[in-house]
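below: sequence and its predicted model.
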Amino acid sequence: MNINNKRRTLLTGGAAAFAVGMIPKASFAADPVKIGLILPMSGPFASTGKQIDTAVKVFLQKYGDTVAGRKIEIILKDDGGLQPEITKQLAQELIVKENIDILAGFGLTPLALSTAPLATQTKKPMIVMAAGTSIIVQRSPFIVRTSFTLPQNTAPMADWALKNKIKTVVTLVSDYSPGLDSEKTFNKRFTEGGGKILDNLRASMRSPDFAPFVQKAKDLKPDALFVFVPSGEGVAVMKQYEERGLAKAGIRLIGTGDVLDDDLMPSIGKAAVGVITSHHYSAAHPSPENKAYVAAFEKISNGMRPNFHSVGGYDGMYLIYEALKKTKGDTDGEKLVEAMKGMKWMSVRGPVSIDPATRDIIQNVYIRRGEMVNGAAYNIEFDKVENFKDPGT
């Protein structure tokens, strides 16, 4: 090599070295893709965190921890599920200290809303795997949801009630954004169809005591009690419904699938029989994809039954992997979100897609009946609304 060529090579290398400092870390194929997974692994909503964490492990076991030539690294953080400021702080630490590429998880709406501005400021994709308030995706152009919305799951229940001779209803919801979404959606659909709401009852999130609300509902003598409570609270509601004799009084229990969370069904048992709910997933969904998923999930978790939060986590990982394939491993936030828009796949819950306009999930919503199958309680699907978008509130 002559002197001029050698000088040119050194200059080229020097320019490249300088450019390294200017190029986002995401462009290096050798670096891992870091996913900051923020979940309630402790506290009253720990079941949500454990479900999603297990689903992520099932996904990695099936698809491996490498995609588009890059290693996937999961950094799990426990936010306790109750304080939005803690979730936001953890997200900040993941972005600044851990240099994560993607935020994911978010067990409840207030936690997701607290983090949305950070996703916008740092241009980090934020995959909402659990929280279900309709407005969440509107809070940042970098949010993509793989879970559900409460209006999406509630509207089909109101429609079903109207078709099945339920004319009067009392609603009982947890007093926070998803509960208010569910209440508003049910009221609107049910009354527009000719039904009558006798009362709207709201239970505190901090110390829920459902007994006085269930008793009041019984005293009002509706055809049905419509219930939304967050995952984990269904056992307490079902206990009060049974103890206070609403079924014997001819008052049906209907609601979104949260009240008959698959994870809780072994504890609820026979009390679930005959309860009608609308939801986007059941562990009893009869597809081959779901049967394989349930078997893998139960094996890795020592018998825990997967619930609807788990599929939000599982599909969130699938969405991330497929987007990385499209971008050839580039984790630029704008490119990843653009790759996710309009994506379609066969989930364990059925066919799903990401609405390219809203970045929210489109999916089937199933009408299910609580039944005993081989001595165990399950949500058995008997009707569905196909490819249902979030109707908003």
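Everything's here; your move.

buried residues, stretch 121-133. List them.
Residues of stretch 121-133 classed as buried under the neighbour-count rule (16 or more other Cβ atoms under 10 Å) are Thr122, Lys124, Pro125, Met126, Ile127, Val128, Met129, Ala130, Ala131, Gly132, Thr133. Where C-beta positions appear, they are placed from N, C-alpha and C, glycine not excepted.

swap in stretch 270-288?
Applying a neighbour-count criterion of 16+ other Cβ under 10 Å, the buried positions in stretch 270-288 are 271-272, 275-285.

do you have the helices of the stretch 51-200 of the chain handy? List them.
84-96, 109-122, 150-163, 177-192 (DSSP state H, counting those that start in this stretch).

next step: the buried residues of stretch 270-288 restricted to strands.
Secondary structure defined by DSSP state E assigns Ile276, Thr277, Ser278, His279 of those to strands.

ok, and the closest non-adjacent residue to the last one?
I take that to be His279. Counting by Cβ to Cβ, 6 or more residues apart in numbering, the nearest residue to His279 once its immediate chain neighbours are dropped is Gly257, at 2.5 Å.

swap in Lys71?
Counting by Cβ to Cβ, 6+ apart, Lys71 lies nearest to Pro32, which is 4.2 Å off, once chain neighbours are set aside.

so who does the one you found touch?
The contact partners of Pro32, taken as Cβ atoms under 8 Å, 6 or more residues apart in numbering, are Arg70, Lys71, Ile72, Glu73.

and which of the residues you listed is nearest Glu381?
For Glu381, the nearest member of the contacts of Pro32 is Ile72. The distance, counting by Cβ to Cβ, is 32.7 Å.

remind me which residues of the stretch 151-300 of the chain are low pLDDT?
The stretch 151-300 of the chain contains residues with pLDDT under 70 at 207.

buried residues, the stretch of helix or strand Glu298 belongs to. List them.
Here Glu298 sits within helix 288-300, counting by DSSP states H and E. Taking 16+ other Cβ under 10 Å as the basis for neighbour counts, the residues of helix 288-300 that come out buried are Asn290, Tyr293, Val294, Ala296, Phe297, Glu298.

find the centremost residue of the protein, please.
Ala130 (2.4 Å; Cα atoms, centre = their mean).

my guess is it contacts Thr109. True?
No - using Cβ atoms under 8 Å, Ala130 makes no contact with Thr109, being 9.2 Å away.

and the helix holding Glu298, how far from the chain's centre?
Taking Cα atoms, centre = their mean, to the nearest Å, the mean C-alpha location of helix 288-300 is offset from the chain mean by 18 Å.

show me what it is packed against.
Using 3 or more Cβ pairs under 8 Å, 6 or more residues apart in numbering; DSSP states H and E, the elements in contact with helix 288-300 are helix 46-63, helix 308-326.

how about a cut-off of 6 Å?
Packing partners of helix 288-300 (3 or more Cβ pairs under 6 Å, 6 or more residues apart in numbering; DSSP states H and E): helix 46-63.

what angle do the helix it packs on and helix 288-300 make?
Relative orientation of helix 46-63 versus helix 288-300 (axes from the mean of the first three to the mean of the last three Cα atoms, to 10 degrees): 110 degrees.

what are the ranges of the helices in the stretch 251-393 of the chain?
According to DSSP H, counting those that start in this stretch, the helices that the stretch 251-393 of the chain contains are 265-268, 288-300, 308-326, 333-340.

got the angle between the second one and helix 308-326?
What it means is helix 288-300. Counting by the same axes, to 10 degrees, helix 288-300 points 110 degrees away from the direction of helix 308-326.

numbering from 502 from now on, please.
Noted, 502 is the first residue going forward, which turns the last one into helix 789-801.

now Lys722: how far from Trp661?
From Lys722 across to Trp661, the span is 21 Å (Cβ to Cβ, to the nearest Å).

one step back: farthest pair in the buried residues of stretch 622-634?
Set against one another by Cβ to Cβ, the buried residues of stretch 622-634 have their most distant pair in Thr623 and Gly633, with a gap of 24.3 Å.

follow-up on the earlier one: now render the buried residues of stretch 622-634 as JSON lines, adding distance to Glu872 and pLDDT.
Output for the buried residues of stretch 622-634, formatted as JSON lines (distance: Cβ to Cβ, whole Å; pLDDT from 0 to 100):
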{"residue": "Thr623", "distance to Glu872": "47", "pLDDT": "98"}
{"residue": "Lys625", "distance to Glu872": "43", "pLDDT": "98"}
{"residue": "Pro626", "distance to Glu872": "39", "pLDDT": "98"}
{"residue": "Met627", "distance to Glu872": "38", "pLDDT": "98"}
{"residue": "Ile628", "distance to Glu872": "33", "pLDDT": "99"}
{"residue": "Val629", "distance to Glu872": "31", "pLDDT": "98"}
{"residue": "Met630", "distance to Glu872": "28", "pLDDT": "98"}
{"residue": "Ala631", "distance to Glu872": "26", "pLDDT": "97"}
{"residue": "Ala632", "distance to Glu872": "29", "pLDDT": "96"}
{"residue": "Gly633", "distance to Glu872": "25", "pLDDT": "94"}
{"residue": "Thr634", "distance to Glu872": "30", "pLDDT": "94"}
